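Engineer: Mind folding the following:
(chains A and B)
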Protein chains: 2
Amino acid sequence: VTSPAEQDRLSLEDLRRIWPILSPEDRAAGFQLLDPDDAQAFFIGLPAAGQAEILESLPDAQRRLWIRLLEPDDAADLLQEVAPEDQPRLLALLDEGTRREVNALLAYAEDSAGGLMSPRFARMRPEMSVDEAIRYLRRQARDRLETIYYAYVLDREQRLIGVVSFRDLFAAPENKSVAEVMNREVITVPEDMDQEQVSRVMSDHDLMAVPVIDQDGRIKGIVTIDDIVDVVQEEVTEDAQRFGGLGVLEAPYLQTGLLAMVRKRAVWLAVLFVGEMLTASAMARYEAAITQAVVLALFVPLIVSSGGNSGSQAATLVIRSMALGEVKLRDWWRIMHREILAGLSLGLILAVLGLVRILVWQELFQSYGQHYALLGVTVALSLVGVVMLGTLLGSMLPFVFRSLGFDPASASAPFVATLVDVSGLVIYFSVAEILLRGALL
Amino acid sequence: VTSPAEQDRLSLEDLRRIWPILSPEDRAAGFQLLDPDDAQAFFIGLPAAGQAEILESLPDAQRRLWIRLLEPDDAADLLQEVAPEDQPRLLALLDEGTRREVNALLAYAEDSAGGLMSPRFARMRPEMSVDEAIRYLRRQARDRLETIYYAYVLDREQRLIGVVSFRDLFAAPENKSVAEVMNREVITVPEDMDQEQVSRVMSDHDLMAVPVIDQDGRIKGIVTIDDIVDVVQEEVTEDAQRFGGLGVLEAPYLQTGLLAMVRKRAVWLAVLFVGEMLTASAMARYEAAITQAVVLALFVPLIVSSGGNSGSQAATLVIRSMALGEVKLRDWWRIMHREILAGLSLGLILAVLGLVRILVWQELFQSYGQHYALLGVTVALSLVGVVMLGTLLGSMLPFVFRSLGFDPASASAPFVATLVDVSGLVIYFSVAEILLRGALL
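Structural biologist: Below is the predicted model of the structure:
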């Protein structure tokens, strides 16, 4: 008997709980401790990368059984997780029909409608009666269909001419024809549509599944909503990581080795650091001014950070609205108008706060010498300029990145802050040189 | 005829595209320009807030028709969007049965399993034959069920004893009983489970729907996966806005008035600004040192921003892993260990870059005077300290917030940066005072 003794078994819930923190070896061992039904459920529920890991850990004889548990679209995802040279070996484990389906799916980009779709959908002919259609569907249900929630009505050339929800079919009088019951206005997506857009189409139209069609209107497969939930989470994680200034990790945080993670973070941190070195150069340009009026240096962190914070706010709003499809590339002009007004208001508010602070401290501690009023105005004007600049850069950079074909979330909080830090210093010292000439400078 | 003439009609797609940028009055007018079928599809597809807006714009006589189009869970969501004093008036428009269902749903928190669920699910009894069950389901399908993908098997006390997928029922021999075909191990959620957790349960188990049960095991309703897609998007937007340092907007960006948006952003920006004022106080403490060695001031923005950037990276990783359920509160100790090592490595890398920069600039431009080497070591050591601090604060603050009952994403990039700015200055000048005493100071 190869299955573990009753008392040594691990429950499905327990393994799910500890899974993220296990090493690859412990995962393989833990998987072997599940009872056979739990192991199946666990394996099918894993993301493709985890399935690939388990599969690699199994003896050759068992691999065939496990990979055959997967639907063709899931098998294709798994194959895309392993090294290209290992793909043929795993493909050979599939039965002839599935292998053909999986090979067809592998031709699509992983993140396109074609890469997400399953070729196993329920189909019927328009001239069938409702009763025939239900019986025909019942026969198809014995195969492993992705969903029987919708059935797609095809003509003789496999072109999609209508869709009928299972519920409508079920509720219709038995002697009507499918053509009479079906909905002819089918929402479809092309094979190469990006997965984010597919998810938007489905959410806009409240669909449980959407058919993928080729140029000639022939149906190639369907994308179901359960795949879309994963897509949304995946895209969101990538956006968050870009926005946090660390690029995109390939695996969950706790499953990424320390070295790999440090490497990923170090690259971005170093790029930002080199950019931020410009602040040292900018400060050096104003070294004479600082020498004459050291008090100017005291407000440098306060002023540049206000620009960074307002930029982070604006970038967040625009990036998220783009991800939700609320804001399109052509909206940049309207948003620029809005953000100039917002930046001006926010800058004025901080300017008042900054001015009050300088006046109060002067009153209490005589901190800023005889020219405190001019200093206050310098700080206040600089705040207006820096906050407007931060708001403008934060809101427009996502448009720039998108129009260049990059992800808008690459306009990360640290990236915007770095740009604003450098230009904020220039604004502050330029204002100071104009206002304080003859007084402090 | 109240419906618009053919040539004046607006297409569904056009209205969807321009909707976000329309004023409430234009929305009401645009909605009236749809042909009746499109108007229905459009209304049902709108989020609850939009439905409420449309409903308010309609004459009394039409409201009844429109609100009755909604499923009970959607009607309850709509009612939660209007002022409490308007709820009874709208409730009165529903038919008796639906009103009872909606009233029951209104008792649940909007973001709990109970608040998401629909009471309209397919049900059957265990002793039915497969054939009877299919016929019974076919009768139920004529009512407006949320889904017929799963049917729930209940005993005489309405307790849930099993679930049968429609596909299994369809594929089973006609003379078997439902009890023989059903799956007895049903994944369920309690009424008060938070919607984020519900979405995790469904995604872990790859479910299209999950039943909600009360303490006695009686089924109260089901949550379907299409509701979960919206939940995920909503939670993600809230997290992104918190992390971007602007709190949570109640409506999409372009639908939020300029004044409301500025108010929301100003509150957070002002709080951060007041916190950041501590940098001016910290700098003032070291004014004497800066006066003696102005060169120290040049590196202030470079050093404090490195702490902010590394903190933003660490916070992003931990917050997102928490949102995905990969990291739990009890993992803080392991993550602290990991992040101390990561922070040390990242700090050392930036320290080397900083040192190289100072040596190269000294070689090329003699920028930093005779004590350039000591200055370089000061900057390098400070970078190690500040980056470690940023990494540690960024990774631990989400745990602090979560354990206090706040959202971990409140450990926003600007918030972490502000904390690190203040403490980073203290680290930098303390290192300088020790290393440069007798040389520059």
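Engineer: Report the buried residues of the lowest-mean-pLDDT helix or strand in chain A.
Structural biologist: For chain A, counting by mean pLDDT, DSSP states H and E, helix A:12-18 ranks last in confidence among helices and strands (a mean of 77). Going by neighbour count (16 or more other C-beta atoms under 10 Å in any protein chain shown), the buried part of helix A:12-18 is A:12, A:15-16. (Each C-beta comes from the backbone N, C-alpha and C, glycine too.)
Engineer: Now tell me what touches the strand or helix carrying A:Ala288 from outside.
Structural biologist: Assigned by DSSP states H and E, A:Ala288 belongs to helix A:287-292. Here helix A:287-292 makes contact (C-beta atoms under 8 Å, 6 or more residues apart in numbering or on different chains) with A:283, A:296-297, A:429, A:432-433, A:440-441, B:290, B:294-295, B:297-298.
Engineer: redo that, cut-off 6 Å
Structural biologist: Applying C-beta atoms under 6 Å, 6 or more residues apart in numbering or on different chains, the external contacts of helix A:287-292 come out as A:296-297, A:441, B:294, B:297.
Engineer: One more: stretch A:240-250?
Structural biologist: With contacts defined as C-beta under 6 Å, 6+ apart, stretch A:240-250 is touched by A:238, A:256, A:264-265, A:268, A:407, A:409-410, A:412, A:414, B:309, B:312-313, B:316, B:320.
Engineer: From the residues you listed, which one has the minimum pLDDT?
Structural biologist: On pLDDT alone, A:Thr256 ranks lowest of the contacts of stretch A:240-250, at 81.
Engineer: contacting residues for it?
Structural biologist: Here A:Thr256 is in contact with A:Leu249 (C-beta under 6 Å, 6+ apart).
Engineer: With distance to A:Ala75 as new columns, can the buried residues of helix A:12-18 be given to me in a markdown table?
Structural biologist: Listed next are these as a markdown table, based on distance: C-beta to C-beta, whole Å:
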| residue | distance to A:Ala75 |
| --- | --- |
| A:Leu12 | 22 |
| A:Leu15 | 23 |
| A:Arg16 | 22 |
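Engineer: what about stretch A:87-100, distance to the chain center?
Structural biologist: 31 Å (C-alpha atoms, centre = their mean, to the nearest Å).
Engineer: Give me the distance between the two termini of it.
Structural biologist: Criterion C-alpha to C-alpha, to the nearest Å; first-to-last residue distance in stretch A:87-100 is 14 Å.
Engineer: So for that stretch, mean pLDDT?
Structural biologist: 88.
Engineer: Could you name the helices and strands sitting against the lengthiest helix in chain A?
Structural biologist: Ordering each helix of chain A by length in residues (DSSP state H) puts helix A:332-365 first. In terms of contacts (3 or more C-beta pairs under 6 Å, 6 or more residues apart in numbering or on different chains; DSSP states H and E), helix A:332-365 is packed against helix A:300-323, helix A:372-403, helix B:258-285.
Engineer: What angle do helix A:372-403 and it make with each other?
Structural biologist: Taking axes from the mean of the first three to the mean of the last three C-alpha atoms, to 10 degrees, one finds helix A:332-365 and helix A:372-403 inclined to each other by 150 degrees.
Engineer: what comes up buried for helix A:332-365?
Structural biologist: When burial is assessed from 16+ other C-beta under 10 Å, helix A:332-365 yields the following buried residues: A:332, A:335, A:338-339, A:341-343, A:345-351, A:353-355, A:357-358, A:361-362.
Engineer: for stretch A:285-304, same thing?
Structural biologist: Under 16+ other C-beta under 10 Å, the buried positions of stretch A:285-304 are A:286, A:289-290, A:293-304.
Engineer: for stretch A:253-260, same thing?
Structural biologist: Quick answer for stretch A:253-260 (16+ other C-beta under 10 Å): A:253-256.
Engineer: Among those residues, which one lies nearest to chain B?
Structural biologist: Nearest to chain B among the buried residues of stretch A:253-260, counting by C-beta to the nearest C-beta, is A:Tyr253 at 4.4 Å.
Engineer: residues touching the closest one, list them.
Structural biologist: Under the contact definition (C-beta under 6 Å, 6+ apart), the residues listed for A:Tyr253 are B:317, B:321.
Engineer: confidence score at it?
Structural biologist: Note for A:Tyr253: predicted pLDDT of 82.
Engineer: Also A:Asp155?
Structural biologist: Residue-level pLDDT assigned to A:Asp155 equals 91.
Engineer: Could you count how many residues lie near A:Asp214?
Structural biologist: 14 (other C-beta atoms under 10 Å in any protein chain shown).
Engineer: cool, the one 3 residues further on as well?
Structural biologist: As a burial measure, the neighbour count of A:Gly217 was computed by other C-beta under 10 Å and equals 13.
Engineer: Please tell me how far the residue nearest to it when sequence neighbours are not counted sits from chain B.
Structural biologist: Excluding the flanking residues, the one nearest A:Gly217 by C-beta to C-beta, 6 or more residues apart in numbering or on different chains is A:Arg159, at 4.5 Å. To chain B, A:Arg159 is 22 Å away according to C-beta to the nearest C-beta, to the nearest Å.
Engineer: what does A:Lys328 give?
Structural biologist: Counting by C-beta to the nearest C-beta - A:Lys328 and chain B are separated by 9 Å.
Engineer: Dihedrals phi and psi, that residue?
Structural biologist: Reported as degrees, to the nearest 10, the phi and psi values for A:Lys328 are phi -110, psi 170.
Engineer: what about it, neighbour count?
Structural biologist: For A:Lys328, the neighbour count with other C-beta under 10 Å is 13.
Engineer: Can you tell me the SS state at A:Tyr149?
Structural biologist: strand (DSSP: H, G, I helix; E, B strand; the rest coil).
Engineer: Please give me every residue in contact with it.
Structural biologist: A:166, A:208, B:149.
Engineer: okay, the first one: pLDDT?
Structural biologist: Predicted confidence (pLDDT) at A:Phe166: the value is 79.
Engineer: likewise the one 3 residues further on?
Structural biologist: Model confidence at A:Leu169, given as pLDDT, is 84.
Engineer: What's the separation between it and chain B?
Structural biologist: 9 Å.
Engineer: Over to that residue: give its phi and psi.
Structural biologist: Dihedral angles (degrees, to the nearest 10) for A:Leu169: phi -60, psi -40.
Engineer: That one: how many residues sit nearby?
Structural biologist: 23.
Engineer: Roughly how far does the closest residue in space to A:Arg16 that isn't next to it in sequence sit from A:Ala49?
Structural biologist: Among residues not flanking A:Arg16 along the chain, B:Asp204 sits closest, at 6.4 Å (C-beta to C-beta, 6+ apart). Remark: distance between B:Asp204 and A:Ala49 (C-beta to C-beta, to the nearest Å) = 16 Å.
Engineer: Please list all residues in contact with the closest residue to chain B within the stretch 251-400 of chain A.
Structural biologist: Per C-beta to the nearest C-beta, A:Thr316 is where the stretch 251-400 of chain A lies closest to chain B, at 2.6 Å. Contact analysis of A:Thr316 by C-beta under 6 Å, 6+ apart lists B:240, B:244.
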